[in-house]
Structures are given as C-alpha cells and as structure tokens.
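K.L.:
Using only what follows, build the 3D model:
(chains A and B)
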Amino acid sequence: MSDLLAPFQYDFMQRAFVVAVVVGALCSAMGTYVVLRKLSFIGDGLAHASFAGIAIAYLRGANFYAGAAIATIVTALGIGFVHRRGRVSLDTSIGVLFTAAFALGVFLMSRSPRATVDLQSFLFGSILGVSPGDVATVAGLGAAVALVVAALWRPLLYTSFDPVVAQAAGVRVGAVDYTLLVVLAVTIIVSLQAVGIVLVAALLVTPAAAASQLTKRFVPMMATSCAFGVFSTVGGLYASYELHASSGATIVLLATLVFFLCLAYGSVRRIGRRPNATGSA
Amino acid sequence: MARSVAAHEPAVLVRGLHVRYDRVEALQGVDVQLARGTALGVVGPNGSGKSTLLKAIAGLVQPSAGTVRVQGRAPRELPSGTIGYVPQVEDVDWQFPVSVRDVVTMGRYPRIRAFQRFSAHDHRAVARAIDALDLGAVADRHISELSGGQQQRAFVARAIAQEPLLLLLDEPTTGVDAATEDALLRLVRGLVADGLPVLMTTHDLDRAPEWFDRLIVVDRKILADGTPSEVLESGAYATIREHTHVHGHRR
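P.N.:
Numbers count the residues shown, from 1 in each chain, chains lettered A, B, ... in the order given. Sure thing, here's the model as predicted:
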C-alpha cells in the first residue's frame, strides 16, 4: 500500500495530480462539444496557435500563460470571423489560421539566439514541473470554464444539434459559437503544461469519442467522457511515474487504450443487437 | 397558447421584400400580411421562393430590400422563443446523442435563462407537445430509431413546446404517412383556433381548403392571394399546377 502511495509523498507529484484531475475533467467535458460538432481539428489547431504567443512571451520575458492565452483566443476569434464572414468552411479556416500562428512562432524563435530547450515543455508537456502558482492558475481558469459551460450548456447543446432552428427561435448562435471557441482556447491553455501543444488535441477528442461508443444520451456522454478523461490523466501520470516515461505521452496512450476498449465493446454490442439473418430464412 | 403581444400589430407584415442569393433574386417585391388566428398557406413551384419567404420571416436570411415585421418588430429583435420554425429538411446529425424527449425539450431552451431550472410550466409544455403529436410511446427512444413521420412529428413537437407566437412550417407533410398528415392537420387547426398565426408552405393543393384560411401563390412574386377556393379557381393556380408536384403518401 505504501508503494502505491509513494508518488504522493512528493509535493511536485501532489500538484501534478491536482492539475491532472482539472485538465482531465475540463478537456473531456469540452471534448463532448468538440466531438459532437465535429471540431476535432480545432483542438490541434488552437494548441499549435498558442505557440506564437509563447514565443513572443519568451522573447519579451513575459508570462507564458498570458502569451499563450492572447495568441489562442485571438486565433479562435479569427477562425470564427473568417468562417462566418468569409464564406470559408470551418476546417479550412482552422487550417489557414493555426498554421499561420504556428509558423509565426517558429519564425520568431528561429531568429532568436536566446531560444533554448525550455519550450520543449510546452510542446510535449511538463506536468511534474507545475509550481503552486501554476496550480492556482489552472484551478482558477478551470473554474471559470466550468462556470461558463454551466451557464450556457443548453444553448450550446441546441446550437450543436440544430443551429438553424435555434437561431430562428432566438438563440444568439453567433455569440454561442464565439463563446465556445474562447472557452476551448482557455481549456487548451489550461492543459498546455500537462500534456503540451502536440498532445492536447488527444485529450479534447479521445475521451469523448470513447464515451460516444457507450451511450446515446448527451448528459451520460459528458459524464462518461469526464470519467475517462480524469482516469486517463491521473492513471497516465501514475503510470508515467512507475514506468519513468513521459507523462504527457503516457496520458494520451492510456486515453487511446480506453478508446479502443470502448470501440470494441460498442462494436460487439451492436453486432449482438443485429437481427439474426439466418433465423429468418 | 398565443399570448397577446403588440395586439394592434399584424402577426406578420412583409412589405416589398426582395431576397437575393448572389446573382439570383429569390423574392421580388413580396407583400404578405398575416393576422392572429389565421393559417396562411404558401404554394408555388419548386424554387419559387416559398422556403426563402419563411426564412426571411424567421430572420434566417437578410432582405436585400423591403421590410419584415413580426409582432411589429424585425425578426432578430424579437424576444427569444417568439418564432417556432420547422424547416423543410432537418439537416441534423441523426447520431447526435438525444432522445425524442430531449429534442422536444430543446423547444423550451430559448425561454430559459442561464442557471434557471425547468419550471413546472416548462415540464407541462414538453409533456403537452409530446402528447399532441402522439409521441408518448417513442419519447425515450433515440431519434435515429424513429420513422420519417415520427421524426417530423418530433420537430413539430419541439416547435409547439416552445409556445411560439408565430409558427412557420416548411412543407411539414412532405414524405409523411397519411395518419401523420391528419394528425398535423388537426393540430394546426387547433392551434389556429386558439389564436396562433401559422404560415405553412405545401405542395398539397388538393387539401389546401382543409388546412388554410388564406392561400398565396408565390413564384418569386405573389401571383394570387385569397381564400383557398378563390385561389384554386384562379388562373394562377392553373399555371403553377403544371409545375407543381402533387405528392402522394410515401409512407
């Protein structure tokens, strides 16, 4: 038993587990909307877009979170604007703007003699390196996201399912869409230190995709997705400690394992429900 | 069901409406007036602008010229929940994780503020709509498990649960079985009797007198406007009859 609890004797592990719980719950809850709106590309896009802000913050000696937040939110709003005003499909808008933002980050870093390996932690995550201040930031932003989603879950659901009729009924679809993009951007910023730019999209998509294999109702899907998300981040963190492996990669691999188990269960269940073709001959 | 808001105003007042999609003018100077407690049918050939007229009234497309007023206001300035709209083809993801009851419940969402809980009235409105469309037996089924007629009834039920002040129905009887069509007819006539204004497009000219108090013929412009019998006897009806698919019951 003492071996099982061994990781918790360290302060840095305790902080990492707190962040893992928050990030797992947040990403997988928002991931429900991402999967249902078929926006899987956006998690990857916004995460990469944050790199421009991180690079600028790094070069100017400013706070990484602030830089990432500004770049990600501006890109999220830009994606929405180009999509709605420019008659450009959402995936095309995401593809154009996130690559531009990521390229800007690479361009700036390539011209800087100060570039060091510190940025590796933002690319692949460094959950074990979170400070008490980081924990407070993550918890505060996480609470803000949870509050917004709790306030808007009905219009978010209605506009995800049937935006045209929702708009006719008076739901401000544009405002809801922009709010979702900003909340997604904040969720990604919160998650950057845990799993990094490269892997955060997996946490936004994989737990919700796994949950969709098990239920046909929205609230159970979101609850199941949250459970899988927290299981993946906490379990992945614990496994990475035992296996001496990268925490971000282990978290994503565990989430992927859960997804394939759910996929197999869902497939078997659907086969079991099919009418027996030979019996009707 | 209909509440009296701006009682002196017509429920719908459309004046000189033009709607343009790129280079195509879908509507050219359309005038429509709809009083409370009236069912107005809109008929016309495919591509005549019937659906565009409903979308303009619902605030889903912007007029290139002219005005649209619902309860005396521009559609986008109306309080949430004023307009109930059932589009011709529901472009939804049929694997979306919602049951029939969930879909009907969405009709109440525009009337619920953030953090507000469902009231007893909200629950009653949903239950009444499910009963009115005879969906009780399938209320807890996933939407993908319904027949086409049941799906259409679920979307009409959502609009009814909203308790709108104006109901817009875009060809709700296309592709539904005879029993569903009869149920929709009874429902619409009941709502109209309660004072609700209803504007509905249809291809079914033969049953127009049962459905509507007034009928307009649209082919980018208003070609005729009157009681169903007046319009059906007019030359406008004969002209569009040649172009109009008079549907049978597919299910």
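
K.L.:
from here on, contacts and neighbour counts on C-alpha atoms
P.N.:
Noted.

K.L.:
pLDDT averaged over stretch B:206-224 - what is it?
P.N.:
Averaged across stretch B:206-224, pLDDT comes to 92.

K.L.:
cool, and stretch A:191-202?
P.N.:
Stretch A:191-202 shows a mean pLDDT of 82.

K.L.:
excluding its backbone neighbours, what's nearest B:Asp140?
P.N.:
Spatial nearest neighbour of B:Asp140, excluding adjacent residues (Cα to Cα, 6 or more residues apart in numbering or on different chains): B:Ser99 at 5.5 Å.

K.L.:
Also A:Leu237?
P.N.:
With sequence-adjacent residues excluded and distances taken as Cα to Cα, 6+ apart, A:Leu237 is closest to A:Ser247, at 5.4 Å.

K.L.:
Spit out the contact partners of the one you found.
P.N.:
With contact taken as Cα atoms under 8 Å, 6 or more residues apart in numbering or on different chains, A:Ser247 is in contact with A:Gly125, A:Ser126, A:Ile127, A:Leu128, A:Ala194, A:Val195, A:Gly236, A:Leu237, A:Ser240, A:Tyr241.

K.L.:
most neighbours, which of those?
P.N.:
Neighbour counts for these (other Cα atoms under 10 Å in any protein chain shown) peak at A:Val195, which has 31 neighbours.

K.L.:
Surely that residue and A:Gly248 touch.
P.N.:
Yes - counting by Cα atoms under 8 Å, A:Val195 touches A:Gly248, with 4.2 Å between them.

K.L.:
Now do the shared contacts for these two.
P.N.:
Common contact partners of A:Val195 and A:Gly248 (Cα under 8 Å, 6+ apart): A:Phe124, A:Gly125, A:Ser126, A:Ile127.

K.L.:
Mind picking the two most distant members of those residues?
P.N.:
Among those, the pair separated by the greatest distance (Cα to Cα) is A:Phe124 and A:Ile127, at 9.7 Å.

K.L.:
Need the residues touching each of these two.
P.N.:
Taking Cα under 8 Å, 6+ apart as the criterion, A:Phe124 and A:Ile127 both touch A:Val195, A:Gly248.

K.L.:
Up against chain B, what does chain A have?
P.N.:
Neighbours of chain B within chain A, by Cα under 8 Å from any Cα of the partner chain: A:36, A:150-152, A:154-155, A:158, A:161-162, A:164-171, A:215-218, A:221.

K.L.:
can you do 6 Å?
P.N.:
Contacts of chain A with chain B, taken as Cα under 6 Å from any Cα of the partner chain, map to A:Ala151, A:Asp162, A:Ala168, A:Ala169, A:Gly170, A:Val171, A:Lys216, A:Arg217, A:Phe218.

K.L.:
number of nearby residues for the fourth one?
P.N.:
So that's A:Ala169. A:Ala169 has 29 neighbours, counted by other Cα under 10 Å.

K.L.:
is it true that it touches B:Tyr85?
P.N.:
No - contact criterion Cα atoms under 6 Å: A:Ala169 and B:Tyr85 do not qualify, at 7.1 Å.

K.L.:
tally of neighbours for the spatially closest residue to A:Arg37 that is not a sequence neighbour?
P.N.:
With Cα to Cα, 6+ apart as the criterion, A:Arg37 has its nearest non-adjacent residue at 5.8 Å, and that residue is A:Ser160. Residues within reach of A:Ser160, counting by other Cα under 10 Å, total 21.

K.L.:
which SS class is A:Ser160?
P.N.:
At A:Ser160, secondary structure determined by DSSP: H, G, I helix; E, B strand; the rest coil is helix.

K.L.:
gap between stretch A:151-159 and the chain center?
P.N.:
19 Å (Cα atoms, centre = their mean, to the nearest Å).

K.L.:
quick revisit: ok, the residue nearest to B:Asp140 to B:Leu169 distance?
P.N.:
As judged by Cα to Cα, to the nearest Å, B:Ser99 and B:Leu169 stand 22 Å apart.

K.L.:
Likewise for A:Met13?
P.N.:
Separation of A:Met13 from B:Leu169 (Cα to Cα): 59 Å.

K.L.:
more neighbours, those two?
P.N.:
Set A:Met13 next to B:Leu169 and count neighbours by other Cα under 10 Å: B:Leu169 wins out with 23 against 20.

K.L.:
Find the nearest non-adjacent residue to the more buried one, please.
P.N.:
Once flanking residues are discounted, B:Leu169 sits nearest to B:Met200: 4.6 Å by Cα to Cα, 6+ apart.

K.L.:
hmm, who's touching stretch B:26-43?
P.N.:
B:10-20, B:49, B:192, B:195-202, B:212-217, B:220-221 (Cα atoms under 6 Å, 6 or more residues apart in numbering or on different chains).

K.L.:
average pLDDT across it?
P.N.:
Mean per-residue pLDDT for stretch B:26-43: 94.

K.L.:
List the buried residues of that stretch.
P.N.:
Across stretch B:26-43, burial judged by 16 or more other Cα atoms under 10 Å in any protein chain shown covers B:26-28, B:30-32, B:34-43.

K.L.:
Among the residues you listed, list the two that are farthest apart in space.
P.N.:
B:Ala26 and B:Gly37 (28.2 Å).

K.L.:
Would you mind pointing out the helix or strand the nearest residue to A:Pro132 once chain neighbours are set aside falls in?
P.N.:
Distances taken as Cα to Cα, 6+ apart put A:Arg15 closest to A:Pro132, at 7.1 Å, once the chain neighbours are dropped. For A:Arg15, the host element (DSSP states H and E) is helix A:11-36.

K.L.:
Point out the other helices and strands that that helix packs with.
P.N.:
If you count contacts as 3 or more Cα pairs under 6 Å, 6 or more residues apart in numbering or on different chains; DSSP states H and E, helix A:11-36 packs onto helix A:173-212, helix A:218-243.

K.L.:
Who are the packing partners of whichever helix in chain B runs longest?
P.N.:
If you go by DSSP state H, chain B has its longest helix at helix B:178-193. Applying 3+ Cα pairs under 6 Å, 6+ apart, one finds that helix B:178-193 makes contact with no other helix or strand.
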